[in-house]
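In: Kindly generate the corresponding structure for this input.
(one chain, ligands or ions: 1)
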Amino acid sequence: MSETSNCTGWLRFPKIGLRMFRFDFAFVIRQRSVHCLVDEARKKSFSSDMKWGSHIDAILKKAFNRLNGIRRLKSVLSRVVKETLYKSLVLPIVEYGSVLFDNCSACLKLRLERLHRNDAVIVTGAFKNSSFARLLNELGWDSLEDRRKLARLSLFKKMTLSAQFHKDGNVNEILVPEYLHSMVPPSVGDRSGYVLRNAGKLDNVKTRLVSSYNSFLPKTTRDWNSLLSDNNDLKAIQQSKTIESFKANYKKQFLRTPNPLYRIENGGNMHQTRLRLGLSQLRAHLFQHNLIDNPTCQFCGLEPETTSHYILKCPTYTVHRVRILMGLTNLLDAPYIAGLNDDKIVQLFLHGDPLLRPPRGWLIDLQIDTTRSILMHKLLMADVLKH
Ligand SMILES: [Zn+2]
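Out: Below is the predicted model:
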């Protein structure tokens, strides 16, 4: 009852912070009967049965409105700008309070991921049918599900730390209110006087319903315990001293890192991206996706028009190819060139080489720009698919 009155007080407080608002909902989830205390401005997006459908409808509507604004400008904005706009205008809407609605149904989660996918298509200029996993790898993004998991674990880490301290022992920053800190379940080591291997594991929160089983506290406690394995890297993540080091270690272990070479703006990188994704206007790609019935190259008719045929073999582009390869020999060492077989040359054109450090790596990338312009010329001629 005292918790209920505390919650009521916070929600009525006129200068309530956004961060505090999120915590209040954590409490509301725990005490379902007090969900009506949600402030009037946001009440409309929550249904009385505490399901997340109407809430997700509301945030998706708002997010798609903004995404459509970016879509209208996609031909004039660079990839980096489109990515920045998405992360600053759309993602905050989709992820606000995401630690709470992470127990929504699989169908609702899929709708959220569809928004994420739509934006990945807009940013990269890829075709709609492109693989979502490849799009995420291309951009170095993580799925919204993975991002929500990190958000949940970060909040849980704050709950276990409660506050951050200076070296002299004084409190530097209070991370969560005391009532959230007190929600952290006791560990096996707290209950037992013995030295046990699983002393750091927290007691799982007992639940009666599946909906409660997947709600913030039970689900995050299980995820937290899963970090306590024999793997020292995972243990190091869990035992991080600060919230910043926890996030950095977790990202390093579990999340993707963007490849800076993929983000170079040169006017032709959209087509190079499509080749990397395995769905471009090359006939072998279209055939693979059941869009045409014959993969054979329409210019030479010798073999299927695959990426390697296009870059290395098709006689239509011999002049361009010789020029590009000559350019590469001027930039790279002779032993490196000697070690390049056909597959490695294709890899070099599409992905660069992480072993080539700047500035040499960047020079090669600039050289590859010429190849991109050739590719673009060919791909623009065969305008089969539309966005
Ligand atoms: Zn050909």
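In: Can you find the residue of the stretch 51-200 of the chain that comes nearest to the ion?
Out: Phe127 (21.3 Å; CB to the ion). All C-beta atoms are positioned from the backbone trio N, CA, C, and that covers glycine.
In: ok, the closest residue in space to that residue that isn't next to it in sequence to the ion distance?
Out: Among residues not flanking Phe127 along the chain, Leu279 sits closest, at 5.0 Å (CB to CB, 6 or more residues apart in numbering). Remark: distance between Leu279 and the ion (CB to the ion, to the nearest Å) = 19 Å.
In: Wait, a helix at Leu279?
Out: No. When the secondary structure is assigned by DSSP: H, G, I helix; E, B strand; the rest coil, Leu279 falls in coil instead of a helix.
In: got the contact list for it?
Out: By CB atoms under 8 Å, 6 or more residues apart in numbering, the residues touching Leu279 are 126-127, 129-131, 285, 288-289.
In: Please list only the buried members of those residues.
Out: Buried members of the contacts of Leu279, scored by 16 or more other CB atoms under 10 Å, are 126-127, 130, 285.
In: Sort out for me which of those are in helices.
Out: His285 (DSSP state H).
In: just the buried ones among the contacts of Leu279 now: which is nearest Leu228?
Out: Minimum distance to Leu228 across the buried ones among the contacts of Leu279 is 37.7 Å, recorded for Ser130 (CB to CB).
In: Angles on the backbone of that closest one, please.
Out: According to degrees, to the nearest 10, the main-chain angles of Ser130 amount to phi -60, psi 150.
In: my guess is it contacts Val121, does it?
Out: Yes. In terms of CB atoms under 8 Å, Ser130 counts as a neighbour of Val121; the distance is 6.9 Å.
In: ok, and the closest non-adjacent residue to Leu85?
Out: Ile70 (5.2 Å).
In: Count the residues that sit near Gly352.
Out: 19 (other CB atoms under 10 Å).
In: Distance of the residue of the stretch 51-200 of the chain closest to the ion relative to Arg274?
Out: 7 Å (CB to CB, to the nearest Å).
In: Overlap of the contact sets of those two?
Out: Common contacts of Phe127 and Arg274, defined by CB under 8 Å, 6+ apart, comprise Ser280.
In: what's the neighbour count on Asn198?
Out: A total of 11 residues lie near Asn198 under the criterion other CB under 10 Å.
In: give the contact list for it.
Out: 188, 228.
In: again, but for Pro186
Out: Taking CB under 8 Å, 6+ apart, we find Pro186 in contact with 202-203.
In: same question, Arg79
Out: Taking CB under 8 Å, 6+ apart, we find Arg79 in contact with 123-125, 263, 265, 269-270.
In: Where do the strands of this protein begin and end?
Out: Taking DSSP state E as the test, the strands found in the chain are 163-165, 171-174.
In: So which residues on the stretch 201-350 of the chain come close to the ion?
Out: By CB under 5 Å from the ion, the residues of the stretch 201-350 of the chain that approach the ion are 297, 299-300, 314.
In: gap between the nearest residue to Arg222 once chain neighbours are set aside and Asn259?
Out: Spatial nearest neighbour of Arg222, excluding adjacent residues (CB to CB, 6+ apart): Asn204 at 6.4 Å. Counting by CB to CB, the separation of Asn204 from Asn259 is 39 Å.
In: what does Lys61 give?
Out: Counting by CB to CB, the separation of Lys61 from Asn259 is 33 Å.
In: neighbour-wise, which of the two wins?
Out: For Lys61 versus Asn259, the count of surrounding residues by other CB under 10 Å is larger for Asn259: 15 against 10.
In: what's the pLDDT at the nearest residue to that one once chain neighbours are set aside?
Out: Closest residue to Asn259 apart from its sequence neighbours, by CB to CB, 6+ apart: Gly140 at 6.2 Å. For Gly140, the model assigns a pLDDT of 92.
In: Surely Gly140 and Pro260 touch.
Out: No. In this structure Gly140 lies outside contact range of Pro260 using CB under 8 Å: 9.2 Å.
In: okay, and the common contacts of these two?
Out: Both Gly140 and Pro260 lack any common contact, where contact means CB under 8 Å, 6+ apart.
In: Need the max-distance pair from the contacts of Leu279.
Out: Ala126 and Gln288 (14.8 Å).
In: Report the contact partners of Leu77.
Out: So Leu77 contacts 70, 85 (CB under 8 Å, 6+ apart).
In: Show me how this structure divides into domains.
Out: The chain breaks down by automatic domain parsing into domains covering 1-41, 51-141, 148-254, 260-386.
In: Now the first one: average pLDDT?
Out: Translated: domain 1-41. Computed over domain 1-41, the mean pLDDT rounds to 44.
In: same deal with the longest one?
Out: Averaging pLDDT along domain 260-386 gives 74.
In: Neighbours of His55, how many?
Out: His55 - counted by other CB under 10 Å - has 20 other residues nearby.
In: meant to ask about Lys149
Out: For Lys149, the number of neighbouring residues by other CB under 10 Å comes to 21.
In: Can you tell me the closest non-neighbouring residue to it?
Out: Asp223 (6.5 Å).
In: measure the one residue sitting closest to the centre of the chain to Ile292 for me?
Out: In the chain, the residue lying closest to the centroid (CA atoms, centre = their mean) is Asp142, at 1.9 Å. Applying CB to CB, the value for Asp142 to Ile292 is 34 Å.
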